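> With the input below, show me the fold.
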Amino acid sequence: MAIAASVPVGSALADYGAKPHSDAVGADGVARPATPRANGLTLAAMCMSQAMILLDVTIVNVALPSIQQELDVSPANLEWVVGAYTLVLAALILVGGTLGDRFGRKRVFLAGLFIFTLASVGCALSQDDQELIAFRALQGVGGAAMAALTLSILIHAYDPEHRTSAVGTWSAISGLGFGLGPVIGGVLIRVFDWSAIFWVNVPIGLACGAVTLVAVEDSRDPQARRLDLLGALLAATGLFLLTFALIESSRRSWASAIVVGPLAGAAVTLGGFALWERRAESPMVPPALLRKRRFVAANTVFALMYFSLAGMFFWVTLYFQDLRGWSALETGLSWLLLNGPFFAASIRVSRLAQRYDGRRLIGAGSLIAAVGMVGLTLLSSDSGFWLAGAGYVLIGLGFGLAVPLVSSQVMGDVPPAFAGTGSGILNSARQIGASVGIAVMGTIGVAVATHVWDSKVPTLPAAVQADARDLGQQVAGGQTSQIVSRLGPVAQGPATDSFVTGYHWAMAAGSVALFAAGTTALIGLRTKPAAHARTSRTRSGVLQPEEG
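Residues are numbered from 1 along each chain as shown. A predicted model of the protein is given here:
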């Protein structure tokens, strides 16, 4: 499923399409001829690496209950197992692209691949949740360097005549890694254990590294922008503090220092980032782009959509595997009902865009997905799978209509000089949306579930009430069987009701995010009629259309 393809194809072609065939220019500036064999191997290596990056976004979801049980992980730390990877990936993608442009794309890519593969080994060998979270964050560091450069390397390896075909292959295969992640994860967990989902990265990483060393010619941009190191540090710190505060609020009071302190720190650092970007010589986010209404609106739509999708995967995994007793393989296979409609819609959406306004298609897709999310929200402890299946189909159809068109809407307002930056910002918006979505939907679900459980504890037999008060986190994580083993069958009903109520509130937040995405698309992506476009006078006195 190409729902999470890391860099929009349209934006990449816009960035490089007007350049001369630059694959023959190495990092040392010496021209070298490209060969079909080298290009084919380059395509294989970039497809493998991108598929692996996206595989690790979804493959972990089906392993969450196994990790939760074997490492005794709280719901808050379980959120970090997923969020640490996507958060670091989001914060460092633009940094990885800048480093590759300046110091050599092959070198930085291989460095990222080495870090990612080594961190995967660390994840597989982790003995507790703290180790696993730390190595997941390190995976994000390596993944950011790779994700930022796979398409750049590929574009530079192909001349314009063959470039579109190569990029299409890259998009399809890399997206396949995202879609097959849950299925592969389910098979590996059924045969081995949860660590297998990380061990699988090692042979892929070694093969990809070997092919890259042999086939890929290093390249760089002699006119690359300088790295905005302070901007990168402020953005990464602010996003981390914000996510940390949201996740910790699920098990602590909002008035506690460990929540208020990071929230205040996030406000200061993100505010400092906004101020610094206005004066930086080479800002990560050029202020000129933020003055473009359609650009901001499209990035907002992407962030909201992946806010909902990431949180949905987190909660339905706990619902089906912990509450309903499904296996990881059954859960992964059920998600094919989402993948299929996505592929079907995304293949046909370009033809639809020729007949209908792309803005309306994006809005319609978001709203269709929102209806599907509402269907998942309505699941109870004994609902038939038909309701979940219908929700999956609608979500896949909606994302298939919206996602392929968002990048074209973004790049339509981006000057060619900022095409690469605009693409990177869109990718970061998606990852940030996913990270914050897991944190916010996780916080809502856990807070509601623990509150309901606390209200039900007095109804339990007096002999188990003291023990029950300490089990709120396990209840919120859907570990009903463990609750019953400790408190007896009398606790099954209250524990199930508490989890389901928290699940409902979390999924409702995801539904609201998708409705907001659809509304933002319909309002924010409107194109002003040329005849009525407002004008502003430039310094030279020439009247030009005003930015949207």
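> which regions of the stretch 351-500 of the chain lie under the pLDDT threshold?
Along the stretch 351-500 of the chain, the parts satisfying pLDDT under 70 run over 407-424.
> mind listing the strands for this structure?
535-537, 543-545 (DSSP state E).
> Which one of the ones you listed has the poorest average confidence?
For the strands of the chain, mean pLDDT drops lowest on strand 543-545, to a mean of 34.
> ok, how many other residues are close to the nearest residue to G185 once chain neighbours are set aside?
Leaving aside its sequence neighbours, G185 sits nearest to I59 (C-beta to C-beta, 6 or more residues apart in numbering; 3.9 Å). In short, each C-beta sits where N, CA and C put it, glycine included. By other C-beta atoms under 10 Å, the residues close to I59 number 28.
> can you give me phi and psi for I59?
The phi/psi pair for I59 (degrees, to the nearest 10) reads phi -70, psi -30.
> got the contact list for it?
By C-beta atoms under 8 Å, 6 or more residues apart in numbering, I59 lies in contact with G181, P182, I184, G185, I197, V200.
> okay but the last one is in contact with V187, surely?
No: under the criterion of C-beta atoms under 8 Å, V200 lies out of contact with V187, with a separation of 10.1 Å.
> if I look at these two, which residues touch both of them?
With C-beta under 8 Å, 6+ apart as the test, V200 and V187 reach no residue in common.
> Could you report the neighbour count for the residue lying closest to F515 once chain neighbours are set aside?
Leaving aside its chain neighbours, F515 sits nearest to A370 (4.6 Å; criterion: C-beta to C-beta, 6+ apart). If you count neighbours by other C-beta under 10 Å, A370 ends up with 24.
> Quick check: A370 vs R430, distance?
To R430, A370 is 18 Å away according to C-beta to C-beta, to the nearest Å.
> which residues in the stretch 351-500 of the chain form helices?
Assigned by DSSP state H, counting those that start in this stretch, the helices in the stretch 351-500 of the chain fall at 358-377, 385-411, 419-456, 462-468, 472-476, 480-487, 492-524.
> Now render those as TSV, adding distance to L275.
As requested, the helices of the stretch 351-500 of the chain are exported to TSV (distance: least, C-beta to C-beta, whole Å):
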stretch	distance to L275
helix 358-377	32
helix 385-411	25
helix 419-456	18
helix 462-468	49
helix 472-476	38
helix 480-487	49
helix 492-524	25
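> So for G261, which of those sits nearest?
For the helices of the stretch 351-500 of the chain, proximity to G261 was assessed by C-beta to C-beta; helix 419-456 is nearest, at 16.4 Å.
> how big is the angle separating that closest one from helix 385-411?
Per axes from the mean of the first three to the mean of the last three C-alpha atoms, to 10 degrees, the angle that helix 419-456 makes with helix 385-411 is 150 degrees.
> Could you pull out the buried residues of helix 419-456?
Neighbour-count burial for helix 419-456, with 16 or more other C-beta atoms under 10 Å as criterion, is recorded at 419-453, 456.
> is it possible to export the contacts of I59 to CSV including neighbour count and pLDDT?
Shown next, in CSV, are the contacts of I59 (neighbours: other C-beta atoms under 10 Å; pLDDT from 0 to 100):
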residue, neighbour count, pLDDT
G181, 27, 72
P182, 29, 75
I184, 20, 79
G185, 28, 80
I197, 29, 88
V200, 20, 87
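> L241: how many residues sit nearby?
Residues near L241, counting by other C-beta under 10 Å, number 20.
> ok, now G271?
Count around G271 with other C-beta under 10 Å applied: 12.
> distance of it from E277?
Noted for G271: a distance of 11 Å to E277, by C-beta to C-beta.
> In contact with the spatially most central residue of the chain, which residues are there?
A centroid search over the chain (C-alpha atoms, centre = their mean) returns Q431, at 3.7 Å, as the residue closest to the centre. Contacts were defined as C-beta under 8 Å, 6+ apart; by that measure Q431 touches T86, L87, L89, A90, I93, Y306.
> Please repeat the previous calculation with a cut-off of 6 Å.
Contact analysis of Q431 by C-beta atoms under 6 Å, 6 or more residues apart in numbering lists T86, L89, A90.
> Check L289 too.
Listed by C-beta under 6 Å, 6+ apart, the contact partners of L289 are F295.
> Equivalent analysis for A449, please.
Here A449 is in contact with V475, A476, S498, F499, G502 (C-beta under 6 Å, 6+ apart).
> Q474 is in contact with the third one, correct?
In this case it means S498. No: under the criterion of C-beta atoms under 6 Å, S498 makes no contact with Q474, lying 10.4 Å away.
> Could you list the low-confidence segments of the stretch 201-350 of the chain?
When residues are selected by pLDDT under 70, those of the stretch 201-350 of the chain lie in 220-225, 247, 250-252, 254.
> show me where it has helices.
Counting by DSSP H, counting those that start in this stretch, the helices of the stretch 201-350 of the chain are 201-215, 229-248, 257-279, 287-290, 293-317, 328-334, 336-355.
> Quick check: which of the ones you listed is nearest to S126?
S126 lies closest to helix 201-215 among those, at 13.9 Å (C-beta to C-beta).
> which of the residues in the closest one are buried?
Using 16+ other C-beta under 10 Å as the test for burial, helix 201-215 gives N201, I204, G205, C208, G209, V211, T212, A215.
> Tell me which of the helices of the stretch 351-500 of the chain sits nearest to A147.
For A147, the closest of the helices of the stretch 351-500 of the chain is helix 419-456, at 7.2 Å, according to C-beta to C-beta.
> Show me how far the closest one is from its chain's centre.
Here helix 419-456 shows a centroid-to-chain-centroid distance of 10 Å under the convention C-alpha atoms, centre = their mean, to the nearest Å.
> Same question for stretch 233-253.
Counting by C-alpha atoms, centre = their mean, stretch 233-253 is centred 17 Å from the centre of its parent chain.
> circling back to that earlier point, compare S498 and Q474 and say which is more crowded by neighbours.
Shown here are S498 and Q474; by other C-beta under 10 Å, S498 has more neighbours (27 against 22).
> For the contacts of I59, which two are the farthest from each other?
P182 and V200 (13.3 Å).
> what about the closest residue to F313 other than its chain neighbours, distance to I67?
Computed as C-beta to C-beta, 6+ apart, the closest residue to F313 that is not its neighbour in sequence is N61, at 4.7 Å. N61 is 10 Å from I67, where distance means C-beta to C-beta.
> Between those two, tell me which one has more neighbours.
Just comparing N61 and I67: by other C-beta under 10 Å the higher neighbour count belongs to N61, 26 against 23.
> who's in contact with the spatially closest residue to V88 that is not a sequence neighbour?
Once flanking residues are discounted, V88 sits nearest to G140: 2.8 Å by C-beta to C-beta, 6+ apart. Contacts for G140 were tallied using C-beta under 6 Å, 6+ apart; they are Y85, V88, L89.
> How many neighbouring residues does the second one have?
By the measure other C-beta under 10 Å, the count of residues near V88 is 24.
> so it sits right up against A137, yeah?
Yes: using C-beta under 6 Å, V88 is in contact with A137, at 4.9 Å.
> Need the overlap of contacts for the two.
With C-beta under 6 Å, 6+ apart, V88 and A137 have no common neighbours.
> got the contact list for the nearest residue to L87 once chain neighbours are set aside?
Using C-beta to C-beta, 6+ apart and skipping the chain neighbours, the partner closest in space to L87 is S435 (4.0 Å). Neighbouring residues of S435 by C-beta under 6 Å, 6+ apart: G83, T86, L87, A90, T243.
> Over to K106?
Per C-beta under 6 Å, 6+ apart, neighbours of K106: V216, D218.
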